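1. sequence plus predicted model, see below.
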Amino acid sequence: MPAPVITATDLTKTYGDFAAVDGISFEVAPGESFGLLGPNGAGKSTTMRMVGAVSTRTSGSLRILDLDPDDSGPEIRAQLGVVPQADNLDLELRARDNLLVYGRYFGIPRKVVHRRADELLAFAQLEDRAKAKVDDLSGGMKRRLTIARALINDPRILLLDEPTTGLDPQARHILWDRLFRLKEQGTTLVLTTHYMDEAEQLCDRLVVVDKGAIMAEGSPADLIRRYSSREVLEVRFGSDRNEAVAERLAGTGDRIEVLPDRVLIYSANGEAVLTRITEQGLHPLTSLVRRSSLEDVFLRLTGRSLIE
Amino acid sequence: MSVLERSGTGRQLPAGMRALYAGNARSVVARGLLATRSTNWLVVLSGFFEPVFYLLAMGFGLGGLVGAVSTSTGQDVSYGAFIAPALLAVSAMNGAVYDSTWNVFFKMNYSKLYQGMLSTSLGPLDVAFGEIGLALLRGAVYATGFLIVMQVLGLNLSFFALLALPAVMLVAFAFASFGMVITSYMKTFQQMDWINFVMLPMFLFSATFYPLSVYPEWIQVVIQALPLWHAVELMRGLTTGAVSVAMVWHVLYFVAMIAVGLVFTTRRLRVLFLD
């Protein structure tokens, strides 16, 4: 196995008494697409900032591209692409100028920057918006421009903090398609998300993070296999009855989770469970059989939903 | 990876320094120049006209009543020639302070510009130098314009007036580096108003419109501790031709101000963006 591009060991970041990141360890291999999945406030962004060499760790060790960010921040940043959670494009500059100016911050020669800017505008499907003011771009376009900007220095690792939060479904799919292409080209991606579908689409491997600690690690399929059943039956009896009915459902599946608005029954065969329930004389208002997802893994590990 | 090898971080600087300074402040200046294209040119022009209006209103309007004034070196000059160098110093101060406070405050807190810059290989000192450099460029344009107006009105009494231009740069550099430090501690727009609260009295009382000798001794000492007084005396010495070795003290005052300002600006940018 090639040497990892990121190695974090017992990485910790505290603010006063509060441990935002509480001793997490992980490795990222070159070309891998690695995800940090967790709810808001889990410590994902703090971890990303430390990996991005813009935040110093409180304790533990961190190597990025075989360098210590405490000693070699600028060298590391020169080889990273960063897509922050909130777009921080330069609003006083036009779309293409954003790429040119950003490239110059890295000290990349003018000629090279001009060529790369055109390539990246094409990659981000923004060629016809090269002269547009940033404010006139849609949310999805801004996001793609931010990704294009992050690629201007031909980074060895691309860090994406919640890349599609706040985008409409269509814009998300366009973005995923672009990121998937990068992945195919061998770019190492590290992304945080609280969307399980995003993690399933983009990540080869991920860690589930909650309250600053890693709860589980593996590929999406692997995690689902380990922590959930193949299928899930979702039944609703009405918010005031779910709790009461849940007791009578015990034993119908491998495991039961009662949420405020619905009951989840985990089993290899959801349809069969549904048949059994109706035979018991229980008639849910609605029922749905679906495949297990990372959402279920998270629920199992933390007892809470990812998006509340 | 030929692109990366040429990145601005690989210069021969000691390791500690490399984390702060990539030697690429010019890219920050270039960004600023490109961004000026989208600024409101009326605002830019007003920066030039403000001291000119003061000069015309006070220098000629009030000057007709005042007659000649004695400078600190005992030279009798027309009122216009007395206040013109002071207004030059004030405009150097105002321009530098405006650029390094309000503009920087907005970029720090709202547009997240520095956050973006500091996630590249730029260090905090590149950002500081770049932003100050930009303020100086603008200051140089204003000062040149004002010196031309002074020349046309016959208020430059000596060839030393040419040295007022580099002197303006020095003064502006000092105010800009200090302005950035102060701004880095500001959290709200209300706090920013305090800056005006300091600037206005400094503008009015730093021997700008009348000689320092009108004050009682102890007030004179207070005024002489303030940076604008040093700037006014320096400019006045140059444009009236009363050049002396003692002016070195004014220069040293600003050199010290620059040094302190830069050290703290770098430290603050580091705390704010690279902690």
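-> Received, thanks.
2. give me the three-state assignment for residue 180.
-> Answering for chain A, as no chain was given. helix (DSSP: H, G, I helix; E, B strand; the rest coil).
3. shouldn't it be in contact with residue A:203?
-> No - with contact defined as Cβ atoms under 8 Å, residue A:180 does not count as touching residue A:203 (11.3 Å). The way it works is simple: take the backbone N, C-alpha and C, and place the C-beta from them, glycine included.
4. count the neighbours of residue 272 for me.
-> Answering for chain A, as no chain was given. The tally of other residues near residue A:272 (other Cβ atoms under 10 Å in any protein chain shown) stands at 15.
5. was after chain B, sorry
-> Residue B:272 has 16 neighbouring residues, counting by other Cβ under 10 Å.
6. hmm, back to that, neighbour count: residue A:180 and residue A:203, which is higher?
-> Neighbour count, other Cβ under 10 Å: between residue A:180 and residue A:203, residue A:203 has more, with 23 against 14.
7. now do the contacts for the more buried one.
-> Going by Cβ atoms under 8 Å, 6 or more residues apart in numbering or on different chains, residue A:203 touches A:33, A:34, A:35, A:37, A:191, A:219, A:220.
8. looking at those, which is nearest chain B?
-> Closest approach to chain B among those (Cβ to the nearest Cβ): residue A:191, at 15.8 Å.
9. residue B:275 touches residue A:58, doesn't it?
-> No - using Cβ under 8 Å, residue B:275 is not in contact with residue A:58, being 10.8 Å away.
10. between these two, point out the one with more neighbours.
-> residue A:58 (15 against 11).
11. pretty sure the more buried one contacts residue A:14?
-> Yes - the pair residue A:58 / residue A:14 is scored as a contact, 4.8 Å apart, by Cβ under 8 Å.
12. just to revisit the earlier point, export the contacts of residue A:203 as TSV, with columns for pLDDT and secondary structure.
-> Below are the contacts of residue A:203 laid out as TSV (pLDDT from 0 to 100; DSSP: H, G, I helix; E, B strand; the rest coil):
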residue	pLDDT	secondary structure
A:33	96	strand
A:34	97	strand
A:35	96	strand
A:37	91	strand
A:191	95	strand
A:219	94	coil
A:220	92	helix
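13. which ones, among those residues, also lie beside chain B?
-> Among the contacts of residue A:203, none lies close to chain B by the criterion of Cβ under 8 Å from any Cβ of the partner chain.
14. can I get these in a markdown table including distance to residue B:132 and neighbour count?
-> What follows is those, written out as a markdown table (distance: Cβ to Cβ, whole Å; neighbours: other Cβ atoms under 10 Å in any protein chain shown):
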| residue | distance to residue B:132 | neighbour count |
| --- | --- | --- |
| A:33 | 42 | 23 |
| A:34 | 40 | 22 |
| A:35 | 41 | 26 |
| A:37 | 43 | 30 |
| A:191 | 37 | 25 |
| A:219 | 50 | 13 |
| A:220 | 50 | 22 |
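15. name the nearest of those residues relative to residue A:163.
-> Residue A:163 has its nearest neighbour among these in residue A:191, at 6.0 Å by Cβ to Cβ.
16. I figured the closest one hits residue A:157, correct?
-> No - counting by Cβ under 8 Å, residue A:191 stays clear of residue A:157, with 10.9 Å between them.
17. neighbours of residue A:227, just the number please.
-> 20.
18. whoops, residue A:2 was the one
-> Using other Cβ under 10 Å, the number of residues around residue A:2 comes to 8.
19. ok, it to residue A:188 distance?
-> From residue A:2 across to residue A:188, the span is 11 Å (Cβ to Cβ, to the nearest Å).
20. what touches both of the two?
-> A:29, A:30.
21. the nearest residue to residue B:169 once chain neighbours are set aside - how many residues pack around it?
-> Excluding the flanking residues, the one nearest residue B:169 by Cβ to Cβ, 6 or more residues apart in numbering or on different chains is residue B:136, at 5.6 Å. By the criterion of other Cβ under 10 Å, residue B:136 has 22 neighbours.
22. pLDDT at residue B:136, what is it?
-> According to the prediction, residue B:136 has pLDDT 91.
23. those residues of chain A touching chain B, which are they?
-> A:52, A:54-56, A:71-75, A:77-80, A:82, A:84, A:86, A:88-93, A:97, A:101-102, A:104-109, A:112, A:133, A:153-154.
24. which of those residues fall in strands?
-> The members of those that map onto strands under DSSP state E are A:80, A:82.
25. what subset of the residues of chain A next to chain B is buried?
-> A:52, A:54-55, A:72-75, A:77-80, A:82, A:84, A:88-93, A:97, A:101-102, A:104-108, A:112, A:153-154 (16 or more other Cβ atoms under 10 Å in any protein chain shown).
26. buried residues of the helix or strand where residue A:216 lies, list them for me.
-> Assessed by DSSP states H and E, residue A:216 sits inside strand A:213-218. Residues of strand A:213-218 classed as buried by neighbour count (16+ other Cβ under 10 Å): A:213, A:214, A:215, A:216, A:217, A:218.
27. between these, which is nearest chain B?
-> Distances from chain B to the buried residues of strand A:213-218, taken by Cβ to the nearest Cβ, are shortest for residue A:213, at 22.1 Å.
28. show me what contacts the closest one?
-> Contacts for residue A:213 were tallied using Cβ under 8 Å, 6+ apart; they are A:22, A:23, A:24, A:43.
29. want to throw those into TSV with neighbour count?
-> Shown next, in TSV, are the contacts of residue A:213 (neighbours: other Cβ atoms under 10 Å in any protein chain shown):
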residue	neighbour count
A:22	19
A:23	15
A:24	21
A:43	25
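30. now flag whichever of those residues is closest to residue A:262.
-> Distances from residue A:262 to the contacts of residue A:213, taken by Cβ to Cβ, are shortest for residue A:43, at 28.8 Å.
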